[in-house]
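>>> what's the 3D shape of this:
(one chain, ligands or ions: 1)
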Amino acid sequence: MKTNSRVVVIGGGVVGCSVLYHLTKLGWSDVMLLERSELTSGSTWHAAGGFHTLNGDTNMAALQGYTIRLYKELEEITGMSCGLHHVGGVTLADNQERFDMLLAERAKHRYMGLETEIVSPEEIAKIAPVTNIEGILGGLYDPLDGHLDPSGTTYAYAKAARMGGATIDINTKVIETNQRSDGTWDVVTERGTIHTEHVVNAGGLWAREVAAMAGVYLPLHPMEHQYIVTDDIPEIYGRDSEHPHVMDPAGESYLRQEGRGLCIGFYEQRCRPWAVNGTPWDFGHELLPDDFDKITESIEFAYKRFPVLEKAGVKNVIHGPFTFAPDGNPLVGPVPGKRNYWSACGVMAGFSQGGGVGLMLAQWMIEGETERDTMAMDVARFGDWINPGYTLPKVIENYQKRFSVSYPNEELPAARPLRTTPMYDIFDNMGAVWGAQYGLEVVNYFAEGEEPRFETPSFRRSNAFEATRREVMGVRENVGINETHNFGKYRVTGEGARDWLNHIMAGRIPEKGRLSLTPMLSPKGRLIGDFTVSCLGEHEFQLTASYGSQAFHMRRFDKNIADGVRVENISDRCTGFQIAGPNATALLQKVTRDDPETMRFLDVRPMVVGMVECLVQRVSYTGDLGYEIYCDPTDQRALWHQLWAAGQPMGLRPFGMRAMMSLRLDKFFGSWMREFSPDYTAAETGLDRFISWGKEIEFIGKAAAVRERQNGSDRKLVVLEVDTDDADVVAYEPVWINGQVKGFCTSGGYSHYAQKSIAMALVPGECITDTLEAEIEILGKMYSAKRITTPFL
Ligand SMILES: Cc1cc2nc3c(=O)[nH]c(=O)nc-3n(C[C@H](O)[C@H](O)[C@H](O)COP(=O)(O)OP(=O)(O)OC[C@H]3O[C@@H](n4cnc5c(N)ncnc54)[C@H](O)[C@@H]3O)c2cc1C
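Numbers count the residues shown, from 1 in each chain. Down below sits the predicted model:
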């Protein structure tokens with residue numbers, strides 16, 4: 001066995017083998033994989049082997065597409081068979097909401113170039129004749145759906161990796177991973193120790209235990225899962241061609257042909273987590289005992305949907321565990337706070353996602369960044385607040401909702417409330433309807449009177465419409481108040497702070513008492529942050545950005561930290577309020593002896609507000625006259641009472657996230673992870689106007705940004721007014737220009753102030769004119785849209 005290797009991948013399931021293959025594919029051959037038993041000794045061997053492209057997140061869907069196309073390549077490289085069956089598959093909809101979801105998916109696929117198709121019940125009966133189409137409104141057909149041989153595919157990845165120079169040691173259990181002071185790792189196995197630069201945890205069912213060896217907590221948990229293989233069925237073996245897959249979300253089942261019979265698996269409500277206190281090391285190639293009790297209802301439903309099943313005998317039951325993260329997406333990338341420790345875990349659909357996970361991880365390790373936005377699967381999307389107590393109920397919820405309709409405005413209830421600010425009970429008593437961001441409760445809107453304290457999940461305008469309108473108008477016409485808790489905040493201090501910020505941020509770093517807006521770019525010039533930088537002193541700055549990207553941003557800062565600079569994440573140590581609207585100054589004047597009138601736009605200054613020492617910035621994300629007032633959380637209630645008491649006679653109104661998102665549309669303000677994400681560049685999204693091209697210190701991503709500035713970007717962000725009725729743009733709806741799909745929406749919504757439906761979209765530069773007319777496909781219907789160039793003031 002080698003004792004030195006550039007990379008050690010721990011775990012020889014489909015994911016570990018894919019990572020190993022992709023490392024060699026991208027040029028690293030000094031790489032090895034350690035497997036405690038034989039390859040495929042975790043959840044991989046008992047998988048049903050199904051694959052599909054459908055995923056609510058477009059980047060995940062694209063990576064699933066990549067995975068599926070890769071199998072042919074693997075077969076060609078290795079001469080081995082992956083046992084591919086490209087039979088296609090149809091997802092059924094038995095109610096309008098489910099059908100809406102499929103229509104929205106189909107619309108996204110149009111600009112992604114995926115050839116899916118909406119099919120009628122009659123077409124479903126032809127495509128998948130074992131289906132009882134009674135009550136079915138339609139379905140989404142995906143020709144790329146299929147299944148394969150899980151073991152054969154894993155061995156094909158392994159062979160391709162070996163052909164690229166990788167080594168694989170089986171029967172080699174890793175028992176320790178110890179980091180040296182220089183950041184390299186000793187991987188201790190039962191057969192000796194390997195010194196390596198990078199460790200990849202692909203431990204699958206044992207990922208938690210492997211992570212703990214490095215002092216890391218990965219939020220994932222195994223769940224039991226069961227599928228049944230039937231005896232031969234004449235309606236199946238009598239066919240000329242293989243029966244396609246059928247996903248029946250109403251029955252929480254997936255069905256496909258297996259040999260001369262069928263195979264059906266369930267995501268049952270009465271599901272069970274497995275190995276809550278840890279995966280036993282002696283678990284291997286055994287299955288869990290059959291358990292028909294927990295799937296009784298599912299089987300009964302399946303008999304109605306697929307009547308042939310009722311007569312078919314059971315040939316085989318496969319019941320095994322596999323792991324999930326709280327949101328069902330993989331946990332991939334560099335683990336924050338652990339240099340050169342990489343996660344390739346929580347992959348619940350190894351045969352749809354394993355290839356994409358391997359590719360992204362290899363790009364990240366070798367090239368320093370991935371070719372597309374990986375936020376949906378980035379291990380950094382959860383912060384250090386996450387723990388097993390939160391993970392378990394969330395994983396159960398995710399399993400139960402695997403086949404549920406997922407709505408753009410939906411707030412999932414499990415494991416909440418977890419993290420709250422001092423304002424929680426005050427806002428709750430005022431009728432707050434809550435959402436959660438990065439584990440923190442945030443107010444979506446305030447219900448009044450008889451209004452329900454629950455927003456109905458919907459693809460169309462919801463019951464929050466009137467409350468949102470009230471709050472928007474409260475801000476625009478008077479003054480509104482909202483918390484600043486859900487901004488990520490960082491304190492940057494030290495002699496080198498200014499130079500460091502000039503290097504990390506592409507924009508201008510302000511003078512004392514001022515603030516500036518700046519993009520943060522990756523070396524390849526992509527957007528990895530959208531920051532406000534406030535200069536509090538020559539060696540002291542406060543940064544604000546998205547609350548949900550704290551671990552993502554801190555990982556970036558840590559990686560690039562310089563001597564003489566200290567960066568602290570103060571997101572939860574610094575809270576407060578934002579007040580916005582034409583009467584914001586009048587309100588602030590009532591509670592401070594300072595004179596807010598003397599503050600210019602983008603000024604920042606310490607101020608005593610009421611009894612509280614605050615930091616006040618004259619800026620607002622709603623685009624109004626407004627102030628952000630930051631304070632210590634222990635002072636927040638006192639600050640509130642003061643502002644609220646002073647604001648009552650003026651008609652001060654609290655507002656939530658729904659109103660904020662509507663207000664920002666009026667001003668054409670983009671939003672992080674919608675308009676501004678690592679998928680886009682500064683020039684594409686207009687953030688290049690904040691780049692300081694001439695500053696002396698070279699900023700990260702400058703070469704790429706300059707190149708784009710010289711050559712121009714292919715696409716640009718535009719704002720469109722959409723002539724729609726009860727459904728607004730959410731994101732990724734295709735934009736049709738002259739009968740062709742030319743672009744897609746990044747976000748949208750209803751402007752309650754302008755009473756118009758607004759979309760923001762990326763479209764090719766050559767299509768853009770001031771009078772651009774387009775059509776946008778929303779829930780399967782085409783709506784005309786026209787460009788608007790002047791924000792609603
Ligand atoms: C019943 C069932 C049906 C499924 N059906 C499908 C399906 O149709 N389609 C689909 O895409 N997915 C399906 N899955 C999920 C799929 O099995 C997983 O997504 C996939 O197997 C995850 O692979 P992995 O490599 O991450 O983990 P694993 O397969 O668990 O591999 C981890 C490997 O790491 C090794 N290891 C762990 N610790 C150590 C250590 N300390 N030292 C050395 N080696 C170690 C283990 O021995 C194991 O071989 C199904 C799962 C189940 C249970």
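>>> CA only for contacts and neighbour counts going forward, please
Fine.
>>> Beyond the helix or strand of the chain with the lowest mean pLDDT, next helix or strand please.
Averaged element by element with mean pLDDT, DSSP states H and E, the chain has its least confident helix or strand at helix 96-112 (a mean of 90). Next along the chain after helix 96-112, taking DSSP states H and E as the criterion, comes strand 117-119.
>>> Check which helix or strand the residue nearest to Leu54 when sequence neighbours are not counted maps to.
What sits nearest to Leu54 in space, not counting adjacent residues and going by C-alpha to C-alpha, 6 or more residues apart in numbering, is Ala61, at 5.8 Å. Taking DSSP H and E as the criterion, Ala61 maps to helix 58-78.
>>> mind checking how far the spatially most central residue of the chain is from Asp327?
With distances taken as C-alpha atoms, centre = their mean, the residue of the chain nearest its centroid is Ala376 (2.7 Å). Using C-alpha to C-alpha, to the nearest Å, one obtains 9 Å as the distance from Ala376 to Asp327.
>>> For the residue nearest to the centre of the chain, which residues are in contact?
Residues in contact with Ala376 (C-alpha atoms under 8 Å, 6 or more residues apart in numbering) are Asp57, Asn59, Met60, Asn329.
>>> That one belongs to a strand?
No. Using DSSP: H, G, I helix; E, B strand; the rest coil, the secondary structure at Ala376 is helix, not a strand.
>>> For the stretch 651-793 of the chain, what lies in contact range of the ligand?
Taking C-alpha under 6 Å from any ligand atom as the criterion, the ligand has no neighbours within the stretch 651-793 of the chain.
>>> What segments of the stretch 651-793 of the chain are helices?
For the stretch 651-793 of the chain, applying DSSP state H, counting those that start in this stretch gives helices covering 657-666, 682-685, 702-711.
>>> what sits up against the second one?
Spelled out, that is helix 682-685. 519, 525-527, 675-676, 688, 705, 708-709, 712-717, 762.
>>> Of the residues you listed, which count as buried by neighbour count?
The neighbour count (16 or more other C-alpha atoms under 10 Å) marks 519, 525-527, 675-676, 688, 705, 708, 713, 715-717, 762 as buried among the contacts of helix 682-685.
>>> Pull up the residues of the stretch 51-200 of the chain that are close to the ligand.
That would be Phe51, Thr172, Lys173, Val174, Ile175, which are the residues of the stretch 51-200 of the chain within reach of the ligand (C-alpha under 6 Å from any ligand atom).
>>> So which of the contacts of helix 682-685 belong to strands?
Among the contacts of helix 682-685, the ones falling in strands (DSSP state E) are Pro519, Leu527, Arg715, Lys716, Leu717, Leu762.
>>> Would you confirm that the fourth one contacts Val763?
Yes. Under the contact definition of C-alpha atoms under 8 Å, Lys716 touches Val763, with a separation of 5.6 Å.
>>> For the residue of the stretch 351-500 of the chain found nearest the ligand, what are phi and psi?
Ranked by C-alpha to the nearest ligand atom, the top residue of the stretch 351-500 of the chain for proximity to the ligand is Phe351, at 3.5 Å. Note on Phe351: backbone dihedrals following degrees, to the nearest 10 are phi -90, psi -10.
>>> likewise Asp169?
Recorded main-chain torsions at Asp169 are phi -110, psi 110, according to degrees, to the nearest 10.
>>> roughly how far apart are it and Val31?
Going from Asp169 to Val31 by C-alpha to C-alpha gives 11 Å.
>>> Which one of the two is surrounded by more residues?
Higher neighbour count among Asp169 and Val31: Val31, with 25 against 18, using other C-alpha atoms under 10 Å.
>>> Please name the residues that touch the more buried one.
Residues in contact with Val31 (C-alpha under 8 Å, 6+ apart) are Ser5, Arg6, Val7, Val8, Val9, Leu20, Leu23, Thr24, Gly165, Ala166, Thr167.
>>> Output the contacts of Ala376 as a markdown table; include the columns neighbour count.
As requested, these are exported to a markdown table (neighbours: other C-alpha atoms under 10 Å):
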| residue | neighbour count |
| --- | --- |
| Asp57 | 15 |
| Asn59 | 19 |
| Met60 | 25 |
| Asn329 | 22 |
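>>> coming back round to it: my read: the residue of the stretch 351-500 of the chain closest to the ligand touches Thr67, true?
Yes. With contacts counted by C-alpha under 8 Å, Phe351 reaches Thr67, the gap being 7.5 Å.
>>> higher neighbour count, those two?
For Phe351 and Thr67, the more surrounded residue by other C-alpha under 10 Å is Phe351, and the numbers stand at 28 against 25.
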